[in-house]
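# got a sequence here, can you model it:
(one chain, ligands or ions: 2)
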Amino acid sequence: MGDGLLSVIQKLKGSPEQELRIVLLGLDNAGKTTLLKRLASEEVSTITPTQGFNIKSVQSHGLKLNVWDIGGQRSIRPYWKKYLGSTDLLVSGFVSWQELAELTEDESLTGVPLLVFANKQDLVTAAPAAEIAEGLSLHTYRDREWQIQACSALSGEGVQVEMGPCGLCRAGPKGLRSHPSSLQDGMNWISSQIMNRKK
Ligand SMILES: Nc1nc2c(ncn2[C@@H]2O[C@H](COP(=O)(O)OP(=O)(O)OP(=O)(O)O)[C@@H](O)[C@H]2O)c(=O)[nH]1
Ligand SMILES: [Mg+2]
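Ligands and ions are numbered 1, 2, ... in the order given. From the prediction side, this is the model:
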């Protein structure tokens, strides 16, 4: 973690509690509920498909993160946009670039940072984060901060991280770098993004 990020987090610790709304969106079976439960340090072995939505409040670096996990089944997708109002951060994964572009065009998401979790990295069949970033055309997102975070929500482990134009972290020679605990780093990134927005 860079010194800059660390100092932002340290500043956060001394500030009064702030509440943030984070929305998790993605196709069914992507692992959103598993990620939500992992973030809340809950058991992740018995999770069923989400019919509507789940909300959990997670404390991170003195921030209260109200995380909304929206079901990704086809029948629920038409309602996704109803959940976007007052969003501070959009977390996504496993949507097509068209779906992501359409979602992020929603005016309630103007300038809202985007964190993409490239989940299920424990599976040999998982697409690498760089491939997902390319598939989603993340490099074309110039009007918002974005980050792609490879992880396994099941194990809580992360593999690699690549960051967008925010400059908090420079990509390595292949556009990726190893990272020991990317779920936590994802939360750190969220905290720093929000802090910057609230300044
Ligand atoms: N191998 C592996 N399996 C995972 C991972 N994350 C989630 N899963 C599994 O994927 C399945 C779907 O996970 P969910 O968390 O229910 O997925 P979801 O995105 O909430 O799905 P919907 O609620 O239908 O939108 C479950 O069987 C999880 O155990 C992961 O990182 N690795
Ligand atoms: Mg779910």
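# how far does stretch 23-38 stretch from start to finish?
End-to-end span of stretch 23-38 (CA to CA, to the nearest Å): 15 Å.
# now do the buried residues in it.
Judged by neighbour count using 16 or more other CB atoms under 10 Å, the buried positions of stretch 23-38 are 23-27, 30-38. For every residue, glycine as well, the C-beta is placed using N, CA and C.
# ok, stretch 137-153 next?
138, 141, 144, 145, 146, 147, 148, 149, 150, 151, 152, 153.
# which ones among the buried residues of stretch 23-38 lie within helices?
Among the buried residues of stretch 23-38, the ones falling in helices (DSSP state H) are 32, 33, 34, 35, 36, 37, 38.
# I'd say the fifth one and residue 56 touch.
This points to residue 36. Yes. Counting by CB atoms under 8 Å, residue 56 is a contact partner of residue 36 at 5.7 Å.
# give me the common contacts of these two.
Any residue near both residue 36 and residue 56 by CB atoms under 8 Å, 6 or more residues apart in numbering counts here, and that gives 67, 69.
# show me what from this structure comes close to ligand 2.
Residues of the chain lying close to ligand 2 by CB under 5 Å from the ion are 32, 33, 50.
# quick revisit: just put the buried residues of stretch 137-153 in a markdown table and tack on distance to residue 107 and secondary structure.
Compiled in a markdown table, the buried residues of stretch 137-153 are given as follows (distance: CB to CB, whole Å; DSSP: H, G, I helix; E, B strand; the rest coil):
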| residue | distance to residue 107 | secondary structure |
| --- | --- | --- |
| 138 | 20 | helix |
| 141 | 16 | coil |
| 144 | 13 | coil |
| 145 | 18 | coil |
| 146 | 18 | strand |
| 147 | 22 | strand |
| 148 | 24 | strand |
| 149 | 26 | strand |
| 150 | 30 | strand |
| 151 | 30 | strand |
| 152 | 34 | coil |
| 153 | 30 | coil |
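# which residue ranges of this protein form helices?
3-14, 32-39, 97-105, 129-135, 182-198.
# neighbouring contacts of the second one?
What it means is helix 32-39. Counting by CB under 8 Å, 6+ apart, 24-26, 43-44, 47, 50, 54, 56, 58, 65, 67, 69-70, 72, 91, 93, 117, 119, 151, 153-154, 156, 183, 187 sit against helix 32-39.
# now do it against strand 146-151, angle only.
Counting by axes from the mean of the first three to the mean of the last three CA atoms, to 10 degrees, helix 32-39 lies at 80 degrees to strand 146-151.
# give me the mean pLDDT for helix 32-39.
The average pLDDT for helix 32-39 rounds to 88.
# how about that helix and ligand 1, touching?
Yes. Interface with ligand 1: helix 32-39 contributes 32, 33, 34 (CB under 6 Å from any ligand atom).
# and which of those residues is nearest residue 76?
Nearest to residue 76 among the residues of helix 32-39 next to ligand 1 is residue 32, at 11.6 Å by CB to CB.
# quick check on the contacts of helix 32-39: which are buried?
The neighbour-count test (16+ other CB under 10 Å) marks 24-26, 44, 47, 50, 54, 58, 65, 67, 69-70, 72, 91, 93, 117, 119, 151, 153-154, 156, 183, 187 as buried among those.
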